[in-house]
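> next come a sequence and a model predicted from it.
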Amino acid sequence: SVIGLTSIVFFDCILPKQLAEISYLELALCKLFSVATTHSLSLARFVSGCKSFSSLAELPEMHQMMRQTCRDYADRELAPIAGKLDKEHLFPAQQVHELGSMGVMAVEVPEELGGAGMDYLAYALAVEEISRGCGSTGCVVSVNNSLYIGPILKFGTQEQKEQWITPFTTGEKVGCFALSEPGNGSDAGAASTSARQEGDEWVLNGTKAWITNSWDASAVVVFASTDKSLKHKGISAFLVPMPHPGLSLGKKEDKLGIRATSTANIILDDCRIPLGNMLGSPGAGFKIAMQTLDSGRIGIASQALGIAQAALDCAADYAHKRTAFGAPIGKLQAVQFKLADMAVAVESARLLTWKAAMLKDAKKPFTKEAAMAKLAASEAATFCSHQSIQVLGGMGYVTDMPAERHYRDARITEIYEGTSEIQRLVIAGQLLKENAP
Amino acid sequence: MSRVLVGVKRVIDYAVKVRVKPDHSGVVTDGVKHSMNPFCEIAVEEAVKLKEKKLFKEVVAVSCGPAQATETIRTALAMGCDRGIHVEVTGKDYESLGPLQVSKIFAALAKKEEASLVILGKQAIDDDCNQTGQMTAALLDWPQGTFASEVEIEGDKVKVVREIDGGLETIKINMPAVVTADLRLNTPRYATLPNIMKAKKKKIANMKPADLGVDIVSRLEVLRVDEPPTRLAGVKVETVDDLVAKLKESGTI
């Protein structure tokens, strides 16, 4: 059915009118054979979401140019220093600044607010190329774009957008997103951080855990409960500047990978913020978080793709150069099979990611596709980096080659912004809804 | 004092390993990654910088070649050029296109566009000719500042610091003039995403060499292209006498 889908995509892309006809034909056939029409409905949805592009196989010229620019930047400026950033746990402040001036730190933000004014597909391409150079930098770009700017762009007032987005488009400042707590990660609805109103201020109390960018951020989107009795419907979102009285940071976590990013607890101890700092309406926090993570998933999928591609490129290059048994190891079937499996894993995850991004750009529902993309891409990243080390043999195990860094960087993509297990629940939930009798 | 013309050439990317065609008629270009000649990038950067300093009103990017040359012009537009001109040359004509024909085209365009300054890369990394800038200046009878590592506009003159074998030479030439960019002139910017978006709306005019009255027949014929000989292993000798003997033996001295 995947093959069937792809061939219809090509048709669609060349002959949009005929595509629509094909989907109606499919619908008619399904009705004829009394097969559930939900499958064709999702096909029609994808098909109409694809109409805005000339071909899935070839991106529009602007996207190609943008992808090439980010690739050049990653090759020349990030790849040479990625090892050092990882070893010394250095935040790439200068590179983030340069990426900001290129517009990469605020891809989807409209130009009036200081962003690049491009679509989500462009953003996905940018994050993939940046992550190919340095996984940590890709993470910083993704968190700033999807998790920090994302919710403010979607749910903020014009004033909030100008105050909290515009200064964060240039790369001088980055933001972060605080949902997880020591007591709950996947169980986001059980937030214990509280926010009570005192006069014209909100007072926040609690601890947030695993916050990426925390030590380098100038603002945070925090989720706290304004009414614990309403459970997840009592959670609200708040904008807090950093540093701020009442907000302190825990120690930097010593991580396995993406070491150039800072990850720490954010401790709120009678942290007072003006009433105008609430993002969205009271009780909308959970919904804001879930919708933000939906889009953020595409960003993380792109980051995972970049890491997977870097691992694949490393292995393919080595296969040409390393000789054993009298020939380059690329001649051996064992190595060829590994490279082929890696390539299929990356390319299929990439198409899923692009599809999710295109659906989002077409303002169609994309929750299921985004979860599929993140699941596929993160598993592709861990698979590719694992096999990449195998292809490199002993050289894959030492820091002289980047394979071991890709292995360590890839691992987190299966965990943050929704574990692979949560993604499976999301996908299954959507599937069952579509197939409900 | 208003217009700068910048030439950009689409060449095989510098990082690609170039392979000779089996029939030795040239190098493999099909399916090979191409990009803007690095010295042309430096030229574009300089032109855009001069415009940002408000010394010129318009920067026009020009490229001669097949349809794909427009990609290179778009990159120049994304870096800040205002509009582009694509001089279409295809097939066998393109394979035999060399500095003489290109400089005739640039000379005609410089006159047509009333350019005050023509900036080119000092040479292209595929043919390493290092001739187009010089020929263009000669055809126009304009002064030239080649191998520029510094360019400064002083009124209606250009001060150019040239990198020469002996060191640095500073000259002052009258405009209109031709300048060719050397490596240390500047560091080309990365195109910003908003500029890539804007580049889509900028115009690229299309024309043929015949429209400019230029004949592009080549006076050169490429007979054969070969790879450089594979480097042989060296030989170690014990004494200086041995070394001299070996050199005499191989006919080197």
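Noted; the coordinates are in hand.

> in chain B, what residue comes closest to chain A?
Residue nearest to chain A within chain B: residue B:193 (3.4 Å; CB to the nearest CB). Where C-beta positions appear, they are placed from N, C-alpha and C, glycine not excepted.

> next up, the contacts around that residue.
Contacts here follow CB atoms under 8 Å, 6 or more residues apart in numbering or on different chains; on that basis residue B:193 touches A:66, A:69, A:102, A:103, A:104, A:107, A:116, A:118, A:122, A:126.

> the strands in chain B, which residues?
Ranges of strands in chain B, per DSSP state E, are B:3-7, B:10-12, B:34-36, B:58-65, B:83-88, B:117-121, B:144-154, B:157-164, B:167-174, B:177-181, B:204-207.

> so what are the sheet partners of the fifth one and their directions?
As defined by DSSP bridges, the strand partners of strand B:83-88 come to strand B:58-65 (parallel), strand B:204-207 (parallel).

> identify, out of these, the most deeply packed stretch.
Of all the strands paired with strand B:83-88, strand B:58-65 has the most neighbours on average by mean count of other CB atoms under 10 Å in any protein chain shown, namely a mean of 25.

> now it: average pLDDT?
Averaged across strand B:58-65, pLDDT comes to 97.

> and the angle from that strand to strand B:3-7?
Here the directions of strand B:58-65 and strand B:3-7 differ by 30 degrees (axes from the mean of the first three to the mean of the last three CA atoms, to 10 degrees).

> before we move on, back to that, how about the strands paired with strand B:83-88 in CSV, adding distance to residue A:224?
Converted to CSV, the strands paired with strand B:83-88 look like this (distance: least, CB to CB, whole Å):
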stretch, distance to residue A:224
strand B:58-65, 53
strand B:204-207, 54
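
> which residues of chain B lie near chain A?
For chain B, the residues in contact with chain A (CB under 8 Å from any CB of the partner chain) are B:71, B:74-75, B:78, B:190-194, B:196-197, B:199-200.

> 10 Å instead, please
For chain B, the contact set with chain A under CB under 10 Å from any CB of the partner chain comprises B:15, B:33, B:35, B:70-71, B:74-75, B:77-79, B:189-200.

> from the residues you listed, which ones fall inside helices?
B:70-71, B:74-75, B:77-79, B:193-200 (DSSP state H).

> and the pLDDT for residue A:384?
Looking at residue A:384, its pLDDT reads 97.

> what does residue A:14 give?
Residue A:14 is given a pLDDT of 36.

> just the buried ones among the residues of chain B next to chain A, please.
B:35, B:70-71, B:74-75, B:77-79, B:189-199 (16 or more other CB atoms under 10 Å in any protein chain shown).

> residues near residue B:229, how many?
Look at residue B:229: counted by other CB atoms under 10 Å in any protein chain shown, it has 6 neighbours.

> got the phi/psi numbers for it?
phi -60, psi 140 (degrees, to the nearest 10).

> relative to residue B:11, how far out is it?
According to CB to CB, to the nearest Å, residue B:229 and residue B:11 sit 24 Å apart.

> that older thread, of the contacts of residue B:193, which is the most crowded?
Counting neighbours by other CB under 10 Å, residue A:126 leads these with 34 neighbours.

> separation between it and chain B?
Distance of residue A:126 to chain B, given as CB to the nearest CB, to the nearest Å: 8 Å.

> which element, helix or strand, includes that residue?
According to DSSP states H and E, residue A:126 maps onto helix A:120-133.

> so after that helix, what's the next helix or strand?
The helix or strand immediately downstream of helix A:120-133 is helix A:135-142, counting by DSSP H and E.
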